[in-house]
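*Asks:* What would the 3D arrangement of this be:
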Amino acid sequence: MEKTKIILDVDTGSDDAVAIMTALLSPELEVLGICTVNGNRCIEMTTENTLRVVEYLGSDVPVFKGCAMPLVSSLQPGRRPHMPFIGQEDPEENVHSDYLDYLPPATIKPQKQNAITWLIDTLMASDGDITLVPVGPLTNLAVALRIEPAIADKIKEIVIMGGAYEYGNITATSEFNIWIDPEAAKIVMDCGAKITLIPLDATHRACISLAECDELDAMGTKAALATSEFARYRIKGYRVFQPMEQDDWGPIHDALAVAAIIDPTVLKDVRQLHVDVDFSGGSADGMTVCDVNFRDKKAVRNAAVALNADREKFVGIIKAAMARSERA
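*Replies:* Model (predicted):
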């Protein structure tokens, strides 16, 4: 079986952790490296959390530290009053902790090379067969595209967890990853590479239930137990932060992007659309504007946008991956 080569780009909190474990444990994928970025927490925390996950699974996949700040969104006073990396209250504090305390502190270190130059070097040396999986703010990829625009032609596909069509989770219109760095998102959406966008409309179906947490616990593997722990934490938080369709469900947003590479049919209602990103600083700042009615006849349909997902298939992919981990 020919494996799909991927590079993960993460701001590791609880759902990123499940995404990383799913990727590392899936025989369909070859993880070339993992880049970290500021987002859910500061770059030092997201990098430490990423290293914890990699070491917990005994993997030797290299980790590269990326951008510590967004491109420009934090420069204007008042534009980002709740940014977690400046020490203010995090609106997602109910679903992300500073560190993944379930996992031991990392003893391994990130690579000396930074994520941006590694991304450029790796893509330019490739045969155009690498899929990028950014599941945090798009700062790293945007900076890489600005430094070396030619990488766009070397990318097989970009599978993004981010954005929202019907509703946001950080503002009325915006999803967290895009809102943190909408200028970066605009650069990536307009780069010309093949893009699959997986917004909240789909990831809110990618939920794990408490009963399924019990099933993961029963597996007894290291990855299954960690996934159960992270999912239970998210279920508890989402009951307060943003109630799901069922009270015992919690979305594992980022893992859906990895699952979609393993089995694209996990995504439903996928439409080729023109997607723009608002970075005006107003009430729609960070909004992904999806032209579902094709009002702009001249606009390039730059992304395949998934507006739904198969929850049962998603859970099956996650459980199959976690079963491959060693027993705790």
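
*Asks:* Every contact and neighbour count from this point should use C-alpha atoms.
*Replies:* Noted.

*Asks:* Please name the residues that touch residue 73.
*Replies:* Residue 73 sits next to 79-80, 180-183 when contact means C-alpha atoms under 8 Å, 6 or more residues apart in numbering.

*Asks:* Just give me the neighbour total for residue 74.
*Replies:* 17 (other C-alpha atoms under 10 Å).

*Asks:* which one of the contacts of residue 73 is nearest residue 238?
*Replies:* residue 180 (20.1 Å; C-alpha to C-alpha).

*Asks:* The closest residue to that closest one other than its chain neighbours: neighbour count?
*Replies:* Among residues not flanking residue 180 along the chain, residue 137 sits closest, at 6.3 Å (C-alpha to C-alpha, 6 or more residues apart in numbering). By the measure other C-alpha under 10 Å, the count of residues near residue 137 is 31.

*Asks:* same for the longest helix along the chain, what does it pack against?
*Replies:* Criterion DSSP state H: the longest helix present in the chain is helix 222-241. Judged by 3 or more C-alpha pairs under 8 Å, 6 or more residues apart in numbering; DSSP states H and E, the packing partners of helix 222-241 are helix 14-25, strand 207-209, helix 210-219, strand 249-251, helix 311-322.

*Asks:* Please dump the ones you listed into a markdown table; it should also carry distance to residue 275 and mean pLDDT for every row.
*Replies:* Below are the helices and strands packed on helix 222-241 laid out as a markdown table (distance: least, C-alpha to C-alpha, whole Å; pLDDT from 0 to 100):
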| stretch | distance to residue 275 | mean pLDDT |
| --- | --- | --- |
| helix 14-25 | 24 | 98 |
| strand 207-209 | 25 | 97 |
| helix 210-219 | 35 | 98 |
| strand 249-251 | 24 | 93 |
| helix 311-322 | 25 | 98 |
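
*Asks:* ranges for the strands of the stretch 1-150 of the chain?
*Replies:* Ranges of strands within the stretch 1-150 of the chain are 4-10, 29-36, 63-65, 130-134, based on DSSP state E, counting those that start in this stretch.

*Asks:* Columns mean neighbour count, distance to residue 21 and mean pLDDT on top of those, output as a markdown table?
*Replies:* Shown next, in a markdown table, are the strands of the stretch 1-150 of the chain (neighbours: other C-alpha atoms under 10 Å; distance: least, C-alpha to C-alpha, whole Å; pLDDT from 0 to 100):
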| stretch | mean neighbour count | distance to residue 21 | mean pLDDT |
| --- | --- | --- | --- |
| strand 4-10 | 23 | 11 | 98 |
| strand 29-36 | 22 | 11 | 98 |
| strand 63-65 | 26 | 14 | 98 |
| strand 130-134 | 23 | 14 | 98 |
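
*Asks:* could you dump these to CSV with distance to residue 288?
*Replies:* Shown next, in CSV, are these (distance: least, C-alpha to C-alpha, whole Å):
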stretch, distance to residue 288
strand 4-10, 20
strand 29-36, 23
strand 63-65, 27
strand 130-134, 16
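
*Asks:* Of all the ones you listed, which one is nearest residue 230?
*Replies:* Closest approach to residue 230 among the strands of the stretch 1-150 of the chain (C-alpha to C-alpha): strand 4-10, 16.1 Å.
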